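Enquirer: Pasting the sequence and the predicted model now:
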Amino acid sequence: MSDAEAEAAKAVNAWNKNVIEEFRANDGKVGGQFEHADVLLLRTKGAKSGVDRVNPMMYLEEDGKIYVFASYSGADKDPDWFHNIKADDKVSVEVGTETYEATAKPVPLEERDRIYAIMAERFENFAEYEKKTTRVIPVVELIR
């Protein structure tokens, strides 16, 4: 990892830490860019380290299912949490004041396209993420 990449990772970790603290202090509500969005905390186990990792992220509840998006703000690589769930699909989810165990399952392409389109319609930054990258941004269902 280059010095620039290390600094960027450090900044993301500090930002995530602040969002996580705000989420937990306010019964799952956060401000800033997430102010009018549904946000959850996803706990995964590091694929290499085995260390618990927590990531705040927007989610979509649709047809009684919960979906998260491996957008990584439109970067050309998948976020670390997505690599983690491919190695171990058992996750913990915090929504509001509730915490539950779930299985993280990437959705098939056709369903992914339908679900991603709904999210992109509701939050235009998701449409922008798709334009910024050549990869297909994975959509993951969190199954209780």
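Expert: In hand now; what should we look at? Residues are numbered from 1 along each chain as shown.
Enquirer: CA atoms for contacts and neighbours, from now on please.
Expert: Will do.
Enquirer: where's the residue most central in space within the chain, which helix or strand?
Expert: The C-alpha lying nearest the average C-alpha coordinate of the chain belongs to Met57 (C-alpha atoms, centre = their mean; 4.1 Å). Using DSSP states H and E, the element containing Met57 is strand 52-62.
Enquirer: what does the following helix or strand past that strand contact?
Expert: Past strand 52-62, further along toward the C-terminus, the next helix or strand under DSSP H and E is strand 65-69. Strand 65-69 is touched from outside by 57-61, 116, 137-143, with contacts defined as C-alpha atoms under 8 Å, 6 or more residues apart in numbering.
Enquirer: Now do the strand holding Met57: distance to the chain's middle.
Expert: Per C-alpha atoms, centre = their mean, to the nearest Å, the displacement of strand 52-62 from the mean C-alpha position of its chain is 4 Å.
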